[in-house]
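*Asks:* model this:
(chains A and B)
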Number of protein chains: 2
Amino acid sequence: MREESTLVHSEGEYFVIQSDSHMAEHKINFHIEESNTTIATSVQTGALIAEATRKAGIELEQPCGGQGRCGRCIVQVKEGNVRRRSTLRLSAEDILDGYALICQSVVESNLEVFIPVQQKIARRMTSDRTAAEVRVPEDYSFPRSQTIQRIGLSISPPSIDDQTDDWSRLQTALRIQANISEVNCPVTLLRRIGTILRQGEWNVSAILDIPRDDVGKTARLIDLLPGIKPEEDPLWTAAIDIGTTTVSLWLVDLITGKVKAQTAEYNAQIARGEDVVSRIIFAGKNEGGEDLHNLVIGTINGLVDVACKRVNASPKEIIKVTIAGNSTMIHLLLGVPPESIRLAPFITAINNPPLMTAREVGLNICAEATVDCLPGVASYVGADITAGVLSSSLDKFDDIALFLDVGTNGEMVLGNRDWLVTCACSAGPAFEGAGVFHGMRATEGAIEEVWINGETYEPTYRVIGKGKPKGLCGSGLISILAELLLTGILDKAGNVNLTRNTNRVREGEHGGEYVVAWGAETEHGNDIVITRVDVDNLLRAKAAIYAGFSVLADQVGVSLKDVTKMLIGGSFGKYINVEKAIQIGLLPDMPWDRFEFLGNTSVRGAYYALLSWQARQRVAEIAHRMTYIELSADNSFYDSFMSAMFLPHTDMSRFPTVEANLKKE
Amino acid sequence: MREESTLVHSEGEYFVIQSDSHMAEHKINFHIEESNTTIATSVQTGALIAEATRKAGIELEQPCGGQGRCGRCIVQVKEGNVRRRSTLRLSAEDILDGYALICQSVVESNLEVFIPVQQKIARRMTSDRTAAEVRVPEDYSFPRSQTIQRIGLSISPPSIDDQTDDWSRLQTALRIQANISEVNCPVTLLRRIGTILRQGEWNVSAILDIPRDDVGKTARLIDLLPGIKPEEDPLWTAAIDIGTTTVSLWLVDLITGKVKAQTAEYNAQIARGEDVVSRIIFAGKNEGGEDLHNLVIGTINGLVDVACKRVNASPKEIIKVTIAGNSTMIHLLLGVPPESIRLAPFITAINNPPLMTAREVGLNICAEATVDCLPGVASYVGADITAGVLSSSLDKFDDIALFLDVGTNGEMVLGNRDWLVTCACSAGPAFEGAGVFHGMRATEGAIEEVWINGETYEPTYRVIGKGKPKGLCGSGLISILAELLLTGILDKAGNVNLTRNTNRVREGEHGGEYVVAWGAETEHGNDIVITRVDVDNLLRAKAAIYAGFSVLADQVGVSLKDVTKMLIGGSFGKYINVEKAIQIGLLPDMPWDRFEFLGNTSVRGAYYALLSWQARQRVAEIAHRMTYIELSADNSFYDSFMSAMFLPHTDMSRFPTVEANLKKE
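*Replies:* Down below sits the predicted model:
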């Protein structure tokens, strides 16, 4: 196993060993969007698409030098087969849509290749705003998958001979016309029934939530609308992920199951503290909890407005939301005091909230809309992780896989269809740019990737957006750390080698430092540096995460080598360079194709759970099945953490490819 | 039947026919509270107690002259048997407690008779404020009768080895320690669970509502209190009757089942209209419904405060209320628009409201307290009537009985254990004092009874309270009407005979009138009169009610003669003089002992339904069983009404005792 992965990176040899497919000449047609032209060429089986573009005389940017790290050489294979050596810049949807990097994709048949306008790619790489179309699960069927039903009813009008009350009249219609014998109606809706029945001239559409998993349960009337709605009329719902930093909302039409709008916004709670712990402390002060509750409700209501405007709907038409988020975010959303989460023995008030209504929670949607908060497992393994497991399908894997979500904390789940273990490492917010001198979030102006020349020690970097650099975001920090190690500017313990012949390395206020960008190049005019103190913070963060992997694997007696897939969720994973994350010892050393970047798995899991009661049941099973390991109570964690406080690790045998690279330098 | 009832009123003969018990001399001991003395005497079987007091030389006031009308000659029979000829001044409890009128009670054995201080009696007669002790139903048992349970739980505290969340911990304790496997918890309570568990150091008392009639249903957590409460600690609940005029509240301790405080107050909605119809009209105007909702909520919250102060409890300790009231009052309480009640075809929005919570309804008690509104039958036969039937036990009668509740409307139910028919007559508010020139409610200063001398035409009257008269209340109006008829001042059509030789009868602004009190005697200095217009309004009201009886009886093909009991609920019934009500044709002519005055049957029914789930189920069955007759759709009603627009009726054969009396005069 280890041997093979070494070979992957020793190019040339790779093809000899791996390529055993039928050797043949394949015809490649390139369709160039910008010029609206087609160019034909041909290559042998096993050649990269890059070789074909070269032969065809097509210039495509490859800033990373063909290493699959930058993702700029993306094309879309419309017909034919390619084998992707690396997918680290591709999402699961990208792959389904045929996207491939020319520097990483091996030709296996005749191909029709579409080359998009290069500006579109630049935008795609630097912005999250362009909503990728989300695929509706193939087996989705509104009548079969949903607990929500919309039922058109023709009700017999009252007369002096039939003075039955309005509510009984509606109940009778539901019983006879829809076979629903027991239905609950909230008083807020009872207040409106008479008016609605008469408005609709005794034709109405009843929207109900009817539990499917338990036949005996009572239906709940969510809304009643005058008139009988056409079957294809959209039925609006939303999947929501409440992140500590960002809240994401997908507006979903239940009839088709399609995501019709995606919106995201900073969680307004940020103004009261950047991380979970500072929020909990704030919540414990006078009215602090209520303030935080109101702030996140405001954020969600704002997202609802934006999303609804895009589809020309009213927020009051949203009749269900499914919500994922870490345990603290869910507590604050519901107004449940989160204090006990922070204090030993770290207890949540509630992991599995009951179904609630928008009115109870305070959301400005249909008052009786179902609010379904997905279940969490523990104080630091919340519904964002159970939703992540659902959307990664970890719980269905035959072989062992690892799901990782890195935000302020690193939560991870190791397992397969038979077992799931989970833990949370307090990595700290270093990878979100906090605790690092020039750290910043991954927004406009952040340096997100750096390459350092091994001889001149001069850097090349890529900045998010079109402006000058302002600071370093998480992926940029990982990148720098790896490059500093590979070029010998940092030793394995993270010390800065001040003897290198370059003015980029110098003694600064905070110890040895490396200048990534001179003041003349930057937005603010100051040098952007990375200091010895920054390195220490980053080391602690990556060591905590790697120690988490080790402890989980040890707990169940498996080796990290046995992990066949590394499923990475969260926005953090979206932009990091796997090679460099391995080089600093943040991710375990394994073949790149085992890494899969899934984007926001939390909102996606909420979407799946919103769409089908079977998926919702699966989340509950996932939460139930996950065994939580409390690292603060685990002695081996500290040992593992200390061992991981090196670059990449004290035990170099765990990182053979990194060792090989270091020897090369 | 008819013959017998004639005989009842022809004294002397009566005893010969009715008295067939063993004739003997009986010893009577009178214990006089005021002087703390005992006097012994003896009388024959069949003598009245009044004869014994005369023989013993005891002076007891008999202002009505021994006709059983005033109730002032009340005594308490502590031992021995008496037969009561009339109970019209006695409640069911009074009789159970041995109370009897000396002018109406026949001696049947040796007796020990207690004569209370006369002032106490006066107070008892003129004020409703002294709460009569309500008997707890004999079979009441908190554990067996209640859906409410209070369960003390010792919960294992969390540790680093058991990080189960608070809510799961509580659920586990309920499952293991109380065998409750499914429990719903509202978000408002979820917010407090963590704090309460820690306050109680993991000992808590859970208050739950657990439906008994349907085994599969889920328990609902109402409240959670720190610490384990002693079993005998009271558990506060309330039975409430929302009358159009008066709201009554009984505060009940569920542990003993006892009524611990009784309060009543005007419904604050009165300021927006005195009767149901004017309230409905007001509710239809801008925010009118909300205003009326808030007013009645305010009234109830005020009553809760007063009642709780009396028992030194906090309103937040009230964990359940059961509410009766007419359909309009229930609609307004719940904030449900009542408009359709008033307009043909007279439809309620809801007859059978689901269980709600205090938070939903707006009551200032325990937020998650169960609010149980009893079921009504139709727009004008509401939960006050179903509760009344429950408390009168009409639904258990072997023989046919009639339940009557006269307020603004006259609602009545005819039936027995096998069938129940009901209707509502829009009697109008005349008997509540409205639409009558000097009409007023039965409060301080109201003339409540009048006697007119047949020769001088001079009246004697009794006033509520100690002050001068201000006006005429319902019972006073009935009394005057009867006396005016018997003395020939009114003819059968209600015309005033101006030829009588008295200055009491005169031509006034509103036609012929009779002066009940001269200005010199009254509070305001004006003559208190009853006019021809007043008489017309009263005639219409009494005719509507009597026509209701006729239609109901005709509908089921029985005769009013077959009615073995006339069960009269509502405060109206409490003070009226049956003899006079029969004389004017308001009540059917039948022996007085068939009349039973039950007081506020609505609040009493709510109390029974609050106490036991079996009784609650019975109310639902009663509502289900009652067949409602819409009088406005019934042609025979108008005929019956017109026939009843005479004093007492066009068909005098229906009122033989009245006919006999009229002949006597």
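
*Asks:* look up the pLDDT of the spatially closest residue to A:L485 that is not a sequence neighbour for me, please.
*Replies:* Spatial nearest neighbour of A:L485, excluding adjacent residues (Cβ to Cβ, 6 or more residues apart in numbering or on different chains): A:L647 at 4.9 Å. Heads up, the C-betas are built off the backbone N, CA and C, glycines and all. On pLDDT, A:L647 comes in at 93.

*Asks:* give me the distance between the two termini of stretch A:623-636.
*Replies:* By Cα to Cα, to the nearest Å, the extent of stretch A:623-636 from end to end equals 25 Å.

*Asks:* repeat for stretch A:147-167
*Replies:* By Cα to Cα, one end of stretch A:147-167 lies 22 Å from the other end.

*Asks:* so for that stretch, what gets flagged as buried?
*Replies:* A:147-153, A:155, A:158, A:163-167 (16 or more other Cβ atoms under 10 Å in any protein chain shown).

*Asks:* could I get the residues you listed in CSV, plus columns for pLDDT and secondary structure?
*Replies:* Output for the buried residues of stretch A:147-167, formatted as CSV (pLDDT from 0 to 100; DSSP: H, G, I helix; E, B strand; the rest coil):
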residue, pLDDT, secondary structure
A:T147, 94, coil
A:I148, 96, strand
A:Q149, 95, strand
A:R150, 97, strand
A:I151, 96, strand
A:G152, 97, strand
A:L153, 97, strand
A:I155, 96, coil
A:P158, 95, coil
A:Q163, 92, coil
A:T164, 94, coil
A:D165, 96, coil
A:D166, 97, helix
A:W167, 96, helix
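
*Asks:* report the two of the residues you listed separated the most.
*Replies:* A:T147 and A:Q163 (34.3 Å; Cβ to Cβ).

*Asks:* element containing A:T499?
*Replies:* Under DSSP states H and E, no helix or strand contains A:T499.

*Asks:* for it, give me its contacts.
*Replies:* Listed by Cβ atoms under 8 Å, 6 or more residues apart in numbering or on different chains, A:T499 has no contact partners.

*Asks:* any residues of the stretch 301-450 of chain A in contact with chain B? List them.
*Replies:* Residues of the stretch 301-450 of chain A lying close to chain B by Cβ under 8 Å from any Cβ of the partner chain are A:334-337, A:339-340, A:344-354, A:356, A:360-361, A:378-379.

*Asks:* so which of these belong to helices?
*Replies:* Mapping these onto helices (DSSP state H) picks out A:L334, A:E339, A:S340, A:E360, A:V361.

*Asks:* find the nearest non-adjacent residue to A:D97, please.
*Replies:* A:Q76 (6.7 Å).

*Asks:* okay, now the sheet partners of the helix or strand where the one you found lies, with direction.
*Replies:* Using DSSP H and E, A:Q76 falls within strand A:74-79. In the sheet, strand A:74-79 lines up against strand A:99-101 (antiparallel), strand A:111-115 (antiparallel) (DSSP bridges).

*Asks:* pick the most deeply packed of those.
*Replies:* strand A:99-101 (a mean of 26; mean count of other Cβ atoms under 10 Å in any protein chain shown).

*Asks:* average model confidence for it?
*Replies:* On average, strand A:99-101 scores 90.

*Asks:* now do it: distance to the chain's middle.
*Replies:* 20 Å (Cα atoms, centre = their mean, to the nearest Å).

*Asks:* if I look at A:E521, how far off is A:G467?
*Replies:* With distances taken as Cβ to Cβ, to the nearest Å, A:E521 is found 11 Å from A:G467.

*Asks:* the two: who's more crowded?
*Replies:* A:E521 (14 against 11; other Cβ atoms under 10 Å in any protein chain shown).

*Asks:* ok, now which ones touch that one?
*Replies:* Counting by Cβ under 8 Å, 6+ apart, the residues that A:E521 touches are A:K468, A:P469.

*Asks:* for it, give me the pLDDT.
*Replies:* Looking at A:E521, its pLDDT is 95.

*Asks:* re the thing from before, test my guess that the residue nearest to A:L485 contacts A:N495.
*Replies:* No: counting by Cβ atoms under 8 Å, A:L647 sits too far from A:N495 to count as a contact (10.1 Å).

*Asks:* more crowded one of those two?
*Replies:* A:L647 (27 against 13).

*Asks:* from B:R504, how far off is the more buried one?
*Replies:* 116 Å.

*Asks:* what of A:W419?
*Replies:* Counting by Cβ to Cβ, the gap from A:W419 to B:R504 is 100 Å.

*Asks:* which one's more surrounded, these two?
*Replies:* B:R504 (18 against 13).

*Asks:* and the more buried one, what's its pLDDT?
*Replies:* For B:R504, pLDDT reads 95.

*Asks:* give me phi/psi at it?
*Replies:* Backbone geometry at B:R504, expressed as degrees, to the nearest 10, gives phi -70, psi -30.

*Asks:* and the residue in the stretch 551-665 of chain A positioned nearest to chain B, what is it in contact with?
*Replies:* Evaluated by Cβ to the nearest Cβ, the stretch 551-665 of chain A has A:A633 as its residue closest to chain B, separated by 4.5 Å. A:A633 makes contact with B:I160, B:D161, according to Cβ under 8 Å, 6+ apart.
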